[in-house]
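Chemist: Need coordinates for the following:
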Amino acid sequence: MVSQEQRRRQLAREKFLRQQQRRTQARRKSRMRTSVIASVLGVILVGSGALYATGALEQDDDKTNANAEVTPSASAPSKAPDPCEKPAEGKVKSETWKKEPAMSIDKSAKYTLTLDTTCGAIDVDLKASAAPHTVNSFDFLANKGYFDHSKCHRLTTNGIYVLQCGDPTGMGTGGPGYTIPDENLKDKSLKDNIYPAGTVAMANTGQKDSGGSQFFLVYQDSQLPPNYTPFGTLSDAGMKVLQKIAGAGESTGAGDGAPNATVVIDKATVTES
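Modeler: Now for the predicted structure:
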């Protein structure tokens with residue numbers, strides 16, 4: 001028979017062995033966890049290195065593309081220098097009206113439209129007796145500051161030769177909210193469907209009596225059907241300013257686009273003389 005002392009010693013040894021086994025298993029699990037963590041960290045570090053390398057390449061590519069965009073290619077046409085000054089401070093007004101203003105001009109008087117632009121002053125002798133609705137509308141809009149700080153948004157250099165202005169939005173789609181009737185379409189200056197250089201006429205939508213505030217200044221004889229109200233004539237000094245603007249060309253290279261010159265009407269004034 002096993003004595004109590006021997007039994008006690010046997011139980012103590014078995015307990016010790018179990019403790020040792022648990023400790024061994026614990027150490028093994030700990031080593032496994034450490035190995036897994038180290039492996040994961042290694043993957044993360046390698047991935048981070050790859051991401052960093054990729055980011056560096058992208059930055060280099062971005063810099064290369066940026067340089068390519070701002071550096072003119074050998075075949076790119078050179079752009080004429082802007083002959084005009086910076087616009088005066090101020091904002092374009094967006095006011096519109098529901099109907100044509102009441103007649104307030106003297107049809108028998110002489111009126112001059114002065115466009116103080118960033119490129120120089122452009123004076124226009126207005127035809128009040130031949131185009132009273134148009135001249136009256138310009139007098140009204142100029143007094144309201146409607147044209148002030150607006151861009152001349154279109155220059156044509158092929159087929160017809162005009163600078164178009166009078167749209168506060170600068171997009172060619174704006175107007176005062178009302179329309180005025182076509183006038184003076186049988187003006188003696190319009191021969192053989194030619195609007196001669198120096199003519200100032202109304203733009204329209206192509207429909208009858210659809211003029212608003214947009215107008216064009218002709219810097220070279222242009223063949224057009226007599227559908228656009230001629231209401232003024234440029235002064236010699238105004239023609240020189242217009243030709244300077246035309247000489248800078250337009251933005252598309254196709255003959256019809258925004259002028260390369262910064263043409264902004266700082267102030268428009270109609271005066272009676």
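Chemist: C-alpha only now, for contacts and for neighbours.
Modeler: OK.
Chemist: For Asp192, report the pLDDT, please.
Modeler: Here the pLDDT value assigned to Asp192 is 95.
Chemist: right, I mislabeled it, should have said Ala80
Modeler: On the pLDDT scale, Ala80 is placed at 71.
Chemist: Does it touch Ala248 like I think?
Modeler: Yes. Assessed by CA atoms under 8 Å, Ala80 is found in contact with Ala248 at 5.5 Å.
Chemist: who has more neighbours, these two?
Modeler: Using other CA atoms under 10 Å, the more surrounded residue of Ala80 and Ala248 is Ala248, with 18 against 12.
Chemist: From Ile122, how far out is that one?
Modeler: Taking CA to CA, to the nearest Å as the measure, Ala248 and Ile122 are separated by 17 Å.
Chemist: residues contacting Asn193?
Modeler: Shown in contact with Asn193 (CA atoms under 8 Å, 6 or more residues apart in numbering): 223-226.
Chemist: residues near Gln207, how many?
Modeler: Neighbours of Gln207 under the rule other CA under 10 Å: 9.
Chemist: Sorry, slip of the keys, the one I care about is Val92.
Modeler: 17.
Chemist: What residue, apart from its backbone neighbours, is nearest it spatially?
Modeler: His149 (5.3 Å; CA to CA, 6 or more residues apart in numbering).
Chemist: And Ser137, by the same measure?
Modeler: Per CA to CA, 6+ apart, closest to Ser137 is Pro101, 6.6 Å.
Chemist: And for Thr118?
Modeler: Glu85 (5.0 Å).
Chemist: how far away is that neighbour from Gln243?
Modeler: Remark: distance between Glu85 and Gln243 (CA to CA) = 16 Å.
Chemist: Do I have it right that Thr169 meets Ser150?
Modeler: Yes. Thr169 is in contact with Ser150 according to CA under 8 Å; the separation is 7.5 Å.
Chemist: So for the two, which residue has more residues nearby?
Modeler: Set Thr169 next to Ser150 and count neighbours by other CA under 10 Å: Ser150 wins out with 25 against 15.
Chemist: Quick check on that one: phi, psi?
Modeler: When quoted as degrees, to the nearest 10, the phi and psi of Ser150 stand at phi -90, psi 150.
Chemist: how about low-confidence regions in the stretch 1-150 of the chain?
Modeler: The stretch 1-150 of the chain contains residues with pLDDT under 70 at 1-79.
Chemist: Is Ile265 in a helix, a strand, or coil?
Modeler: strand (DSSP: H, G, I helix; E, B strand; the rest coil).
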